[in-house]
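# Need coordinates for the following:
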Amino acid sequence: MSEFDIVGPEAIREGVATDAYFERTADTLQHAGKNPRVVAEVTADQFPDGDYEVFAGVKDAAVLLSGYDVDVDAMHEGLLFDGGPVMRIEGDYLEFARLETSLLGFLSHASGCATASLEARMAAPDSTVFSFGARHVHPSIAAMVERSALVAGLDGFSHVAAGDILGKEASGTMPHALLIAFGRGNQAEAFQAFDESVPEGVPRVALCDTYGDEVEEVLRAVETLGDRLDSVRLDTTSSRRGDFRHIVREVRWELDARGYEDVGIFVSGGLGPTELRNLRDVVEGFGVGGYISNANPVDFALDIVEVDGEPAAKRGKLSGVKEVYRTDDGGHHIGLRGTPAPTDAESLLKPLIRDGELVRDFDLDAAATRAREDAERVGFGDE
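Residues are numbered from 1 along each chain as shown. Okay, here's the model as predicted:
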């Protein structure tokens with residue numbers, strides 16, 4: 001029995017992390033001597049409806065499918081989609097039948113988190129935005145949440161182990177627990193101890209709402225750390241905030257009045273795109289937690305659309321192999337393979353795996369650039 005309730009990489013890779021009916025299907029087809037050559041497509045919606053989402057989870061999906069005798073085409077991570085396939089798999093059905101559950105899980109959850117992250121990114125495009133939501137999810141998927149945030153262009157994240165996996169350094173300074181451990185009225189001692197103990201490269205960001213009024217605690221941080229103070233963070237619970245924008249403006253005023261125009265204000269705690277739009281002109285940065293980590297997964301499905309070269313589909317799905325295009329005006333278009341593409345259109349489904357071999361590299365910075373440019377192209381997040 002596993003120490004934690006975690007399905008391991010071996011079970012995922014070998015197709016054991018699957019729904020039982022795929023095992024029954026494989027057994028039945030093998031018994032009947034059937035293993036048709038199929039094309040299967042991953043889709044969320046059949047037709048465009050103007051509701052764009054971000055494609056993520058591609059790296060894990062590629063690792064899952066590599067080594068199996070299949071050809072795979074997929075959109076690049078970070079691109080936005082609006083109906084039609086985001087991935088296409090061609091091969092003998094039994095080669096990948098047991099992988100469907102894990103494949104959809106990789107794509108669905110990551111794309112949901114990336115879409116929420118991009119909503120936050122576009123709500124405050126010129127601000128620093130961090131992902132702070134790893135505490136809301138099972139620790140085994142924290143790296144997925146943080147990677148999805150980076151795909152969408154967020155500036156960083158908080159989870160240390162995820163950083164080790166992603167090759168990125170986690171961000172964060174102090175929680176309320178640190179201030180409480182020093183005791184009420186001893187915030188200055190906590191600020192001083194933090195300054196003395198953490199490496200020089202860590203920004204001096206003081207959390208200033210543990211016991212008293214936000215302005216009062218901000219001024220205490222200024223008096224304690226002086227020019228070493230980089231920023232202050234307000235994480236006031238929503239039940240005690242009142243007019244949070246007014247509180248932030250008051251803090252800014254008092255900092256400026258004392259010559260601390262360079263001290264930034266960072267806010268966190270229950271924030272989403274609405275709050276980011278409301279505060280982006282008065283703060284330098286945001287920590288966004290549950291809005292990202294608690295995002296609903298995209299409802300992807302994997303459907304066979306061709307069997308042994310002939311169009312096929314279940315009721316309610318579109319048969320035949322499809323192409324997906326982005327036009328210069330930001331339009332998202334779907335058509336049958338072999339039919340003329342729209343004018344000035346780029347095909348979005350690109351080679352990912354050929355004969356079981358991965359033929360694409362993954363670059364988080366490139367994905368973030370792709371997401372930002374595509375979001376602007378299709379008008380994602382426009383208010």
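
# all contacts plus neighbour counts: C-alpha atoms, from now on.
Will do.

# which ones are touching residue 252?
Residues near residue 252 by C-alpha atoms under 8 Å, 6 or more residues apart in numbering: 265, 282.

# What does it show for phi and psi?
Here is the backbone geometry of residue 252 (degrees, to the nearest 10): phi -60, psi -40.

# just the helices in the stretch 1-150 of the chain please.
9-13, 20-32, 58-65, 93-96, 100-123, 142-151 (DSSP state H, counting those that start in this stretch).

# Now the second one: average pLDDT?
For helix 20-32, mean pLDDT rounds to 97.

# What lies in contact with that helix?
35, 94, 97-98.

# tell me the angle of that helix relative to helix 100-123?
For helix 20-32 against helix 100-123, the angle by axes from the mean of the first three to the mean of the last three C-alpha atoms, to 10 degrees is 140 degrees.

# Alpha carbons of helix 20-32, as PDB, please.
Output in PDB follows, covering the C-alpha atoms of helix 20-32 (Å, rounded to 0.1, in the frame of the first residue of the first chain):
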ATOM      1  CA  ALA A  20     -12.000   0.100 -15.800                       C
ATOM      2  CA  TYR A  21     -14.000   0.100 -19.000                       C
ATOM      3  CA  PHE A  22     -10.900   0.700 -21.100                       C
ATOM      4  CA  GLU A  23      -9.400  -2.500 -19.700                       C
ATOM      5  CA  ARG A  24     -12.700  -4.300 -20.500                       C
ATOM      6  CA  THR A  25     -12.600  -2.800 -24.000                       C
ATOM      7  CA  ALA A  26      -9.000  -3.900 -24.600                       C
ATOM      8  CA  ASP A  27      -9.800  -7.500 -23.400                       C
ATOM      9  CA  THR A  28     -12.900  -7.700 -25.600                       C
ATOM     10  CA  LEU A  29     -11.100  -6.400 -28.800                       C
ATOM     11  CA  GLN A  30      -8.200  -8.800 -28.200                       C
ATOM     12  CA  HIS A  31     -10.600 -11.700 -27.700                       C
ATOM     13  CA  ALA A  32     -12.300 -10.700 -31.000                       C
END
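
# and it, how far out from the chain's middle?
35 Å (C-alpha atoms, centre = their mean, to the nearest Å).

# buried sites along that helix?
22, 26 (16 or more other C-alpha atoms under 10 Å).

# With the first one instead?
By neighbour count, with 16+ other C-alpha under 10 Å as the criterion, the buried positions of helix 9-13 are 12-13.

# before we move on, what about the shortest one?
Of the residues in helix 93-96, 93-96 count as buried by neighbour count, 16+ other C-alpha under 10 Å.

# right, and the helices of the stretch 1-150 of the chain - which one's nearest residue 250?
helix 100-123 (22.7 Å; C-alpha to C-alpha).

# shouldn't residue 174 be in contact with residue 206?
Yes: counting by C-alpha atoms under 8 Å, residue 174 does reach residue 206; the two are 7.2 Å apart.

# So for these two, which residue has more residues nearby?
residue 206 (31 against 15; other C-alpha atoms under 10 Å).

# Leaving out chain neighbours, which residue sits closest to residue 69?
Using C-alpha to C-alpha, 6 or more residues apart in numbering and skipping the chain neighbours, the partner closest in space to residue 69 is residue 356 (4.7 Å).

# swap in residue 64?
Going by C-alpha to C-alpha, 6+ apart, residue 64 has residue 13 as its nearest residue, at 5.7 Å.

# Over to residue 202?
Counting by C-alpha to C-alpha, 6+ apart, residue 202 lies nearest to residue 173, which is 7.6 Å off, once chain neighbours are set aside.

# So what's the residue count around the one you found?
Counted with other C-alpha under 10 Å, residue 173 comes out at 14.

# ditto for residue 213
12.

# Roughly how far does it sit from residue 175?
17 Å (C-alpha to C-alpha, to the nearest Å).

# Same check on residue 207?
Residue 207 sits 7 Å away from residue 175, going by C-alpha to C-alpha.

# can you check residue 319 too?
Where residue 175 is concerned, residue 319 sits at a distance of 53 Å (C-alpha to C-alpha).

# In terms of packing, which of these two has more residues around it?
Neighbours were counted for residue 319 and for residue 175 using other C-alpha under 10 Å; residue 319 has more, 17 against 12.

# sec struct for the more buried one, please.
coil (DSSP: H, G, I helix; E, B strand; the rest coil).

# Test for you: state the pLDDT assigned to it.
Note on residue 319: pLDDT of 97.

# so who does it touch?
Taking C-alpha under 8 Å, 6+ apart, one finds 305-306, 311-313 in contact with residue 319.

# number of nearby residues for residue 183?
Summarising burial for residue 183: neighbours were counted as other C-alpha under 10 Å, giving 13.

# can you check residue 104 too?
As a burial measure, residue 104 scores 21 neighbours (other C-alpha under 10 Å).

# Wait, it touches residue 302, no?
Yes: with contact defined as C-alpha under 8 Å, residue 104 reaches residue 302; the gap is 7.5 Å.

# What helix or strand is residue 216 located in?
Taking DSSP states H and E as the definition, residue 216 sits inside helix 214-225.

# Now do the buried residues in that helix.
214-215, 217-222, 224-225.

# Kindly report the same for stretch 277-294.
279-280, 282-294.

# and if you look at stretch 316-330?
Residues of stretch 316-330 classed as buried: 318-327 (neighbour count, 16+ other C-alpha under 10 Å).

# Output these as CSV; include the columns distance to residue 365.
Listed next are the buried residues of stretch 316-330 as CSV, based on distance: C-alpha to C-alpha, whole Å:
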residue, distance to residue 365
318, 35
319, 36
320, 35
321, 31
322, 29
323, 26
324, 24
325, 23
326, 21
327, 24
